[in-house]
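Student: My questions are about this predicted structure, shown below with the sequence.
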Amino acid sequence: MSHDLHITGDAEADALLTADPLALLVGMLLDQQVPMETAFAGPGKLKARLGSFDAETIADYEPGAFAEVMKQSPAVHRFPGSMAGRVQALCAAVVSDWGGKAENIWTQGDPDGPEILKRLNSLPGFGEQKAKIFLALLGKRRGLTAAGWEAAAGAYGEAGSYRSVADIVDPESLLKVRATKQAAKAAARKA
């Protein structure tokens, strides 16, 4: 299984997501109310603007100045001010709880799928659905082999599905995921 990610359509942004667990975690945090490609390209924009991309630097950045970094054109997110605070809170949690290394969330102590889900769910800006999607992303695209990850990820862990970013491997699968999301939104509007 290839562990290279192809989410943004930008080779440099995808390379950062592939190489840096924190970038992938921040991209998942940003994945709300913007297209997936925009959300997951956010860490690359931040790295270019900050000169580096690490949890401690982001957590310690002066909040007003970090919000301005998020707002620079093109903005990192549709709501750069509020998302700046969320990104900093997430990075602060990675520093204080996980030694500054995002991957410790899913590797420290050899956790099983339910424990990883619990850890993800406790992160600032992560709820149950976002945690399940990220767990599926780790299992389907990053080679996570923790026992029980598929069940813990729920429907997002199902093989052959096109529900989330965890199922994107190429432009065709991106279109399938987008169609599934649009159908779900249409069904929710009818209900």
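Tutor: Thanks, I have the structure now.

Student: Leaving out the residues flanking it, which one is nearest to residue 114?
Tutor: Residue nearest to residue 114 in three dimensions, not counting chain neighbours: residue 152, with 4.8 Å by Cβ to Cβ, 6 or more residues apart in numbering. To be clear about C-beta, it is placed using only N, CA and C from the backbone, and glycine gets the same treatment.

Student: no no, residue 143
Tutor: Spatially, and ignoring its direct neighbours in sequence, residue 143 is nearest to residue 3 (5.4 Å; Cβ to Cβ, 6+ apart).

Student: Now do the same for the one you found: its pLDDT.
Tutor: Confidence at residue 3, expressed as pLDDT, is 75.

Student: where does it fall, helix, sheet strand or coil?
Tutor: Following DSSP: H, G, I helix; E, B strand; the rest coil, we place residue 3 in the coil state.

Student: do the same with residue 76
Tutor: coil.

Student: follow-up on the earlier one: and the gap between the residue nearest to residue 114 and residue 111?
Tutor: 10 Å (Cβ to Cβ, to the nearest Å).

Student: I'd like to know which helix or strand in this protein has the lowest mean pLDDT.
Tutor: helix 171-190 (a mean of 88; mean pLDDT, DSSP states H and E).

Student: which parts of that one are buried?
Tutor: By neighbour count with 16 or more other Cβ atoms under 10 Å, helix 171-190 contains the buried residues 174, 177.

Student: Output the below-cut-off pLDDT ranges for the chain.
Tutor: For the chain, applying pLDDT under 70 flags the ranges 1-2.

Student: where do the strands sit along it?
Tutor: For the chain, no strands are identified by DSSP state E.
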